[in-house]
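[1] Just a sequence and a predicted model for now, questions to come.
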Amino acid sequence: GAGVSQSPSNKVTEKGKDVELRCDPISGHTALYWYRQSLGQGLEFLIYFQGNSAPDKSGLPSDRFSAERTGGSVSTLTIQRTQQEDSAVYLCASSPGLVRSYEQYFGPGTRLTVT
Amino acid sequence: LAKTTQPISMDSYEGQEVNITCSHNNIATNDYITWYQQFPSQGPRFIIQGYKTKVTNEVASLFIPADRKSSTLSLPRVSLSDTAVYYCLVGPVDSSYKLIFGSGTRLLVRP
């Protein structure tokens, strides 16, 4: 079946520009997560959506970062006024819900480069 | 998440069985053990999850002794395509969801 998809796969942007990253989770998965991973580093949790509950935004590094999930499916991560330290691979994952929450299915990621 | 310790790297040859052990001395009663695989330039891939004894799926087996202070991921007959970083995570799967990867084990499969 279809897995998690993300677009674009690569994004190069100039410092100060805004970017939008998109995630399509696996159909039927109620939980959606955003992480980022810098070169050679571990995962950094950004935000978590579960159904209609208020998202857990505790991992967003600054107020330049925001995310929304429309209709309980597609999610968009927006980074305003990008900075060079925002360069990383942004990963989206989905899972069936809080039960088995560590069984997350990741997309291929969006590689963001801020020049 | 409980602290985990894994070997930094392992080498193997095609066709061999590879066993990667993860130590988690402070595992809690409601913690599960989960393994992920990550190839370069790709997102992590869920491999297997277990609570006790043995779990097997089409990809791997997970062996967990009675005291649950360690676990072993077993990859049967590895191929070159199994070269990746393998991460062990320990935590409650019904109340937590932030995956935190340690340094993982970098497995290199040689011809």
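    Here it is on my side, so go on. Numbering: from 1, shown residues only, chains lettered A, B, ... in the order given.

[2] Enumerate every residue touching the residue in chain A positioned nearest to chain B.
    Residue of chain A nearest chain B, by C-beta to the nearest C-beta: A:Phe106 (3.1 Å). The way it works is simple: take the backbone N, C-alpha and C, and place the C-beta from them, glycine included. Counting by C-beta atoms under 8 Å, 6 or more residues apart in numbering or on different chains, A:Phe106 makes contact with A:4, A:91-93, B:43-45.

[3] can you check A:Ala54 too?
    With contact set as C-beta under 8 Å, 6+ apart, A:Ala54 has no partners.

[4] Which residue comes closest to the residue positioned nearest the centre of chain A once chain neighbours are left out?
    Nearest residue to the geometric centre of chain A (C-alpha atoms, centre = their mean): A:Trp34, 3.1 Å. Nearest residue to A:Trp34 in three dimensions, chain neighbours excluded: A:Leu46, at 4.2 Å (C-beta to C-beta, 6 or more residues apart in numbering or on different chains).

[5] And B:Leu99, by the same measure?
    Using C-beta to C-beta, 6+ apart, the closest residue to B:Leu99 is A:Leu43 (5.6 Å).

[6] likewise B:Asp31?
    Closest to B:Asp31 by C-beta to C-beta, 6+ apart is B:Val90, at 5.0 Å.

[7] Show me what that neighbour is bridged to.
    Beta-bridge pairing of B:Val90 under DSSP bridges involves B:Ile33.

[8] returning to what we had before: measure the residue nearest to A:Trp34 to B:Ser71 for me?
    28 Å (C-beta to C-beta, to the nearest Å).

[9] Run a quick neighbour tally on residue 56.
    Reading this off chain A. Using other C-beta atoms under 10 Å in any protein chain shown, A:Asp56 is surrounded by 16 other residues.

[10] that's the wrong chain, I meant chain B
    For B:Thr56, the neighbour count with other C-beta under 10 Å is 13.

[11] Pick out the most distant pair among the contacts of A:Phe106.
    Farthest-apart pair in the contacts of A:Phe106 is A:Cys92 and B:Arg45; separation 13.9 Å (C-beta to C-beta).

[12] of those two, who's got more company?
    Legend: neighbour count by other C-beta under 10 Å for A:Cys92 and B:Arg45, higher for A:Cys92 (28 against 16).

[13] Thank you kindly, that will do.
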